[in-house]
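Trainee: what follows is a predicted structure for the sequence shown.
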Amino acid sequence: MRREAGMTLVEVMISAVVLSLLMLALSASLRTFATTYTAVEQSADRTARLREVTYFLRHVLREAYAPHRGALHVSDSEISWLAPIDRVGAAGGVTWLRLRRAGDTVMLDFAIPDSETAEKARTDPAWGDVIPSQVLLENVRRFQVEAIKAPSRSGYNDDDDEALNDELPPGVQLEWELEGMSWPPLIVAFDDYEMVR
């Protein structure tokens, strides 16, 4: 009579433990893969957003012009200017734009100039009346705006900071630092700047 041998209880227990360890390792590796994939996807989305913002700002800042005193205003954390832009919301053409930091975001505000506002010096436009403000960047740790000073015959004039807001400087530099991401400064030269003064 032939005897059939099966698995003992100890062998079944050892097999179950080994299988459980394999399943645990597999689930941990799948969880790590999913977390890594999500982080890479978020980083790629943020980089794409920064590229879009950089391209847009380079375009609208390059076309800034100063038809009157105070049309361009630059401070440490804000810049406002007039520029022709494509249709945004309900308006297009020459538009007031203001780039500013609000908490941990960088906002872009719009205002439509009327003839009276456009001709007055240092008049604060009605920001957001026609076109709502847009959030350009989130999780901003630092945002700084600096006008590039024009050279004089004797070199750069550091004493006349107020003149930067009275006429169009050669350009502007924007720097921002986002949480967990660095980005090079954006330096834009104004198309309407006159090199010979």
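Mentor: Looks like it arrived, so ask away. The structure displayed is predicted, hence computed values, not measured ones.
Trainee: what about the helices in this structure?
Mentor: 9-62, 115-119 (DSSP state H).
Trainee: nearest to Val140, out of those?
Mentor: Val140 lies closest, by Cβ to Cβ, to one member of the helices of the chain: helix 9-62, at 11.1 Å. For the C-beta atoms, the positions are set from N, CA and C on the backbone; glycine is no exception.
Trainee: format the helices of the chain as CSV; extra columns: mean pLDDT.
Mentor: Converted to CSV, the helices of the chain look like this (pLDDT from 0 to 100):
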stretch, mean pLDDT
helix 9-62, 90
helix 115-119, 54
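Trainee: including mean neighbour count and distance to Glu78, could these go into a markdown table?
Mentor: Compiled in a markdown table, the helices of the chain are given as follows (neighbours: other Cβ atoms under 10 Å; distance: least, Cβ to Cβ, whole Å):
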| stretch | mean neighbour count | distance to Glu78 |
| --- | --- | --- |
| helix 9-62 | 12 | 13 |
| helix 115-119 | 11 | 18 |
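Trainee: shaky segments in the chain?
Mentor: By pLDDT under 70, the low-scoring segments of the chain are 1-4, 69, 87-92, 115-124, 152-167, 193-197.
Trainee: middle-most residue in this protein, spatially?
Mentor: The centre of the chain sits closest to Leu137, judged by Cα atoms, centre = their mean, with a distance of 4.1 Å.
Trainee: could you measure that residue against Leu186, distance?
Mentor: Distance, Leu137 to Leu186, by Cβ to Cβ, to the nearest Å: 12 Å.
Trainee: ditto for Met23
Mentor: From Met23 across to Leu186, the span is 50 Å (Cβ to Cβ).
Trainee: now swap in Tyr37 and tell me
Mentor: Distance from Tyr37 to Leu186, by Cβ to Cβ: 30 Å.
Trainee: same question for Trp96.
Mentor: 20 Å.
Trainee: more neighbours: which of those two?
Mentor: Trp96 (22 against 17; other Cβ atoms under 10 Å).
Trainee: mind listing what the residue lying closest to that one once chain neighbours are set aside touches?
Mentor: The shortest distance from Trp96 to any non-neighbouring residue, by Cβ to Cβ, 6 or more residues apart in numbering, is to Ala111 (3.9 Å). By Cβ atoms under 8 Å, 6 or more residues apart in numbering, Ala111 lies in contact with Thr95, Trp96, Arg98, Pro125, Ala126, Trp127, Gly128, Asp129, Val130, Ile131.
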